[in-house]
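Visitor: fold the stuff below for me.
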Amino acid sequence: MSQPATASPRLARADGSPVRVLVVDDEANLTELLAMALRYEGWEVRTADNGTAAVRAARDFAPDAVVLDIMLPDMDGLSVLRRMREHDEGIPVLFLTAKDAVEDRVAGLTAGGDDYVTKPFSLEEVVARVRALMRRTAVTADEGRPVLAVGDLTLDEDSHEVTRGGVEIALTATEFELLRYLMRNPRRVLSKAQILDRVWNYDFGGQANVVELYISYLRKKIDAGREPMIHTMRGAGYVLKPAETTEPTG
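Guide: Prediction:
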């Protein structure tokens with residue numbers, strides 16, 4: 001296994017903080033190599049050597065992606081994934097396994113895994129696949145420009161250009177600010193009060209209809225004719241998350 005190159009642009013969370021990756025494997029040497037390679041990308045890494053510790057770490061650490069061995073001493077990786085998804089249903093997972101049988105791939109992906117790497121593998125391959133997973137979900141690519149990306153939706157904070165699936169979307173200034181707030185907090189439920197305070201800069205006081213109105217405007221422009229990204233959580237608020245589309249795994 002060789003040290004990965006760093007030619008690719010740095011990935012960071014939408015707020016600019018380092019990406020968080022949880023590595024789970026009971027082989028200490030392999031875990032250390034993976035952690036080193038991922039930290040070399042500028043990411044924050046936490047490790048676990050069994051399923052119980054992995055589930056606990058996922059809750060405490062709130063990782064943006066998980067590299068998960070499918071064979072662990074106390075429980076299998078599929079069970080670990082199911083328990084992680086109970087806490088964070090959208091967390092992207094890359095499975096590691098020594099097996100190369102088709103049924104193992106199917107089992108892992110059916111259980112909700114996003115990608116699959118068979119041992120032995122190169123560190124470059126793992127890093128590249130983790131980057132791909134996060135690009136498909138909710139992590140920003142920092143290439144010297146403040147561009148937010150969630151799934152196939154992008155927002156350039158400098159030029160105010162917004163695209164989905166490569167198609168440009170025209171937004172008013174208020175629609176842009178609302179979308180920017182949602183995209184800075186992907187997969188997080190935001191209440192009407194929070195949205196009013198951050199987008200309109202005044203306290204919640206009977207103006208919830210303003211939020212509802214602008215959410216409907218955004219949906220017509222962002223979600224019309226596509227898999228929806230903006231969701232209403234009844235009694236709680238709104239959440240933006242990547243569309244639930246199936247992508248081929250290579």
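Visitor: and residue 222, how many neighbours does it have?
Guide: Each residue near residue 222 was counted by other CB atoms under 10 Å, and the total is 20. For the C-beta atoms, the positions are set from N, CA and C on the backbone; glycine is no exception.
Visitor: surely it is in contact with residue 164?
Guide: Yes. Between residue 222 and residue 164 a contact is recorded at 6.2 Å, counting by CB atoms under 8 Å.
Visitor: can you list residues touching both of the two?
Guide: residue 153 (CB atoms under 8 Å, 6 or more residues apart in numbering).
Visitor: is it true that residue 114 touches residue 133?
Guide: Yes. In this structure, residue 114 is within contact of residue 133 by CB under 8 Å, at 5.4 Å.
Visitor: can you pull the residues that touch both of those two?
Guide: 92, 93, 94.
Visitor: next SSE after the one helix or strand in the chain whose mean pLDDT sits lowest?
Guide: Within the chain, no helix or strand scores below strand 140-142, which has a mean of 50 by mean pLDDT, DSSP states H and E. Using DSSP states H and E, the helix or strand that follows strand 140-142 towards the C-terminus is strand 147-150.
Visitor: could you pull up the mean pLDDT of that following strand?
Guide: On average, the pLDDT along strand 147-150 is 87.
Visitor: and the residue nearest to residue 87 when sequence neighbours are not counted, how far is that from residue 53?
Guide: The shortest distance from residue 87 to any non-neighbouring residue, by CB to CB, 6 or more residues apart in numbering, is to residue 59 (5.4 Å). Per CB to CB, to the nearest Å, residue 59 is found 11 Å from residue 53.
Visitor: so which of those two has more stuff around it?
Guide: Neighbour count, other CB under 10 Å: between residue 59 and residue 53, residue 53 has more, with 16 against 13.
Visitor: what is the nearest of the shared contacts of residue 114 and residue 133 to residue 235?
Guide: residue 92 (27.8 Å; CB to CB).
Visitor: and that closest one, what are its phi and psi?
Guide: Dihedral angles of residue 92 (phi, psi; degrees, to the nearest 10) stand at phi -80, psi 140.
Visitor: can you tell me, leaving aside adjacent residues, what's nearest to it?
Guide: In space, residue 92 is closest to residue 133, 4.2 Å off (CB to CB, 6+ apart).
Visitor: cool, thanks, talk later.
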